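A.B. asks: Return atomic coordinates for the entry below.
(chains A, B, C and D, ligands or ions: 4)
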Protein chains: 2
Amino acid sequence: MPKGNCHGQGWWHGKFRGCGYRLTAGREAILDILSHEEGHLSADDIYIKIHPKYPSVGLTTVYRTLDVLSSLGMVYKLDFGDGRSRYEVAEGPKGAHHHHHLVCTRCNRIIDYTDFIDDEVELLNRTEKGLEKKYKFKITNHLIQFYGVCEECSGKA
Amino acid sequence: MPKGNCHGQGWWHGKFRGCGYRLTAGREAILDILSHEEGHLSADDIYIKIHPKYPSVGLTTVYRTLDVLSSLGMVYKLDFGDGRSRYEVAEGPKGAHHHHHLVCTRCNRIIDYTDFIDDEVELLNRTEKGLEKKYKFKITNHLIQFYGVCEECSGKA
DNA sequence: ATTATAAATGGAAATCATTTCCATTACGTG
DNA sequence: CACGTAATGGAAATGATTTCCATTTATAAT
Ligand SMILES: [Mn+2]
Ligand SMILES: [Mn+2]
Ligand SMILES: [Zn+2]
Ligand SMILES: [Zn+2]
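C.D. replies: Ligands and ions are numbered 1, 2, ... in the order given. Below is the predicted model of the structure:
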C-alpha cells in the first residue's frame, strides 16, 4: 500500500462520516471501481462491474451513491452526449490529474488531455474571478470539452 | 425588416436546399421560434410555443428538426444537467454573439456571458491547434460552462 | 453485547425524454 | 399537374433515471 496513494483505502471515509453519511459495502465497492478502473463509466457499467463480487448491490444504489459522491465533489458527473451520464473520480487531495476532454462526435471516443492545462487553468482562474464579481456568481466548477472527429474516424472518409 | 438581420426571413433557406433538405412549415416555425425567443428552449418548450399557431406540427417533428438543425451547425444542443436537451441558435453568418454559460447548480438558472470571451477564444484557438496536432483530432466545436451558485440562490442561506 | 433509530437498500413499478414505426401527406423537380 | 421521395404525426417502444415502500443495516446510546 503506497504511501502517497489517496485512493487506496479510506481517505474518503472521513469525508463520508463528516457529512453524516454511513459507510456501506455498496458505497465502498462503487468508489473502489471508480478509483481503480480507467475510463468514463456509466451507472450501468459500474453495476455490471460490481455485480460479480457484490451481487447484493442493486442498480438503484449505484445511482444513489453516485449522486452522493457527486454532491460531495468526489466524483464528476459528465455528459458526452450518448444519452447516459458518465462518472469519473475527482482529483484526490493532491489536486493532481486535472484534465479536460476531447469528444469524437462520430464514434463517441473520449480522449483525456492534460496538455495546455496550465494555460487553461490560468485563464480560467482569471475568468472565474471576473465572472464572480460581475455576476455575483460563486463558481465551484468548470467544464471544458472539445468536439470533433478523432483520428480513427477521419480515416473512414 | 432590418437589413442586417440574418434570422429575419430566409438566409437559411439556401443552407437547407443546398443540403437537400426540403422547406416545410414545421421547420420554418421551429427556426422562427429559436431565432426570436430568448433563452434555452427544450424540444417540449418549442412544441408548446409553436402549437397554438401550428397545431399540426408534432413533437416528433420538433425533435427531428432540431437534429437536422444541429447537424447543420445552425443550432447548438446543450445540456445543463436538468435531464433534457436545450437548444439555441448558433451565430448567424456574421459570427457574432458567441458566448458561454454560467449554470446555477441550485436553481438551474443559466447566464449567458460574453465577457472575457476574447481572451478565452484566443486561448481556445491556441489550445485547439495544439490538440489537433497532438491527437490528430479535427476540432469543430467547444463547450465551456462554469458551475456554481447564482446571486439569488446565495441569498437563501 | 444489546438495543434503538434513522439511514440505506433492492427490486418492482413509475416517470419521462427521446426514438422508432409506419401509414399518410406534401415539397419541389420536371 | 404528376410523380418520387423526403417529411410528417401519432401511437407505441425504448431506455435511463427516479420513486416507492417494506426490509435491512450502520452507528450511537445503553
Ligand atoms: Mn476524463
Ligand atoms: Mn446561451
Ligand atoms: Zn471517432
Ligand atoms: Zn440559482
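A.B. asks: contacts and neighbour counts: CA atoms only from here.
C.D. replies: OK.
A.B. asks: residues near A:Cys107, how many?
C.D. replies: 12 (other Cα atoms under 10 Å in any protein chain shown).
A.B. asks: Let me know the helix or strand that the closest residue to it other than its chain neighbours is in.
C.D. replies: Among residues not flanking A:Cys107 along the chain, A:Cys153 sits closest, at 7.1 Å (Cα to Cα, 6 or more residues apart in numbering or on different chains). With secondary structure defined by DSSP states H and E, A:Cys153 is part of helix A:151-155.
A.B. asks: Show me which positions of that helix end up buried.
C.D. replies: Under the neighbour-count criterion of 16 or more other Cα atoms under 10 Å in any protein chain shown, helix A:151-155 has A:Cys153 buried.
A.B. asks: can you list the residues that contact that helix?
C.D. replies: By Cα atoms under 8 Å, 6 or more residues apart in numbering or on different chains, the surrounding residues in contact with helix A:151-155 are A:Arg106, A:Cys107, B:Tyr135, B:Lys136, B:Phe137, B:Lys138.
A.B. asks: ok, of the residues you listed, which one's closest to ligand 3?
C.D. replies: A:Cys107 (4.0 Å; Cα to the ion).
A.B. asks: and the closest one, how far is that from chain B?
C.D. replies: From A:Cys107 across to chain B, the span is 12 Å (Cα to the nearest Cα, to the nearest Å).
A.B. asks: What is the three-state secondary structure of that residue?
C.D. replies: coil (DSSP: H, G, I helix; E, B strand; the rest coil).
A.B. asks: just A:Thr61 next, same as before
C.D. replies: Relying on three-state DSSP, one would call A:Thr61 helix.
A.B. asks: cool, A:His98 as well?
C.D. replies: Assignment for A:His98 (three-state DSSP): coil.
A.B. asks: Could you measure from it over to A:Ala90?
C.D. replies: Computed as Cα to Cα, to the nearest Å, the A:His98 to A:Ala90 distance reads 8 Å.
A.B. asks: now A:Cys150
C.D. replies: 25 Å.
A.B. asks: Mind listing residues that contact stretch A:65-83?
C.D. replies: Outside stretch A:65-83, the residues touching it (Cα under 8 Å, 6+ apart) are A:27, A:30, A:43, A:85-91, A:103, A:108, B:79.
A.B. asks: partners of the top strand by length along chain A in the sheet?
C.D. replies: Across chain A, the longest stretch assigned as strand under DSSP state E is strand A:138-149. Sheet pairing of strand A:138-149 (DSSP bridges) gives strand A:100-104 (parallel), strand B:138-149 (antiparallel).
A.B. asks: right, is the last one up against ligand 3?
C.D. replies: No: under the criterion of Cα under 5 Å from the ion, strand B:138-149 makes no contact with ligand 3; the nearest approach is 10.0 Å.
A.B. asks: which of the residues in that strand are buried?
C.D. replies: Result for strand B:138-149 [16+ other Cα under 10 Å]: buried residues B:Lys138, B:Ile139, B:Gln145, B:Phe146, B:Tyr147, B:Gly148, B:Val149.
A.B. asks: Look at the second one and report its pLDDT.
C.D. replies: pLDDT, B:Ile139: 95.
A.B. asks: Can you pull the domain assignment for chain A?
C.D. replies: By the assignment in automatic domain parsing, chain A contains the domains A:1-96, A:97-157.
A.B. asks: Format the ones you listed as CSV; extra columns: distance to DNA strand C.
C.D. replies: As requested, the domains of chain A are arranged in CSV below (distance: least, Cα to the nearest atom of the strand, whole Å):
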stretch, distance to DNA strand C
domain A:1-96, 3
domain A:97-157, 13
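A.B. asks: Lowest average pLDDT across these?
C.D. replies: Among the domains of chain A, domain A:1-96 scores lowest, at a mean of 87.
A.B. asks: What residues does the nearest residue to A:Thr140 once chain neighbours are set aside make contact with?
C.D. replies: Nearest non-adjacent residue to A:Thr140, counting by Cα to Cα, 6+ apart: B:Gly148, 4.9 Å away. Taking Cα under 8 Å, 6+ apart, we find B:Gly148 in contact with A:Phe137, A:Lys138, A:Ile139, A:Thr140, A:Asn141, B:Leu102, B:Val103, B:Cys104, B:Thr105, B:Arg106.
A.B. asks: And the furthest pair within those?
C.D. replies: Distance extremes for the contacts of B:Gly148: the farthest pair is A:Asn141 and B:Arg106 at 13.3 Å, using Cα to Cα.
A.B. asks: helices and strands around the helix ranked longest in chain A, which ones?
C.D. replies: Determined from DSSP state H, the single longest helix within chain A is helix A:117-135. On a contact count with 3 or more Cα pairs under 8 Å, 6 or more residues apart in numbering or on different chains; DSSP states H and E, helix A:117-135 meets strand A:138-149, helix B:117-135.
A.B. asks: Let's have the ones you listed in CSV, adding distance to A:Lys15.
C.D. replies: Formatted as CSV, the helices and strands packed on helix A:117-135 follow (distance: least, Cα to Cα, whole Å):
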stretch, distance to A:Lys15
strand A:138-149, 18
helix B:117-135, 35
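A.B. asks: Cheers, nothing more for now.
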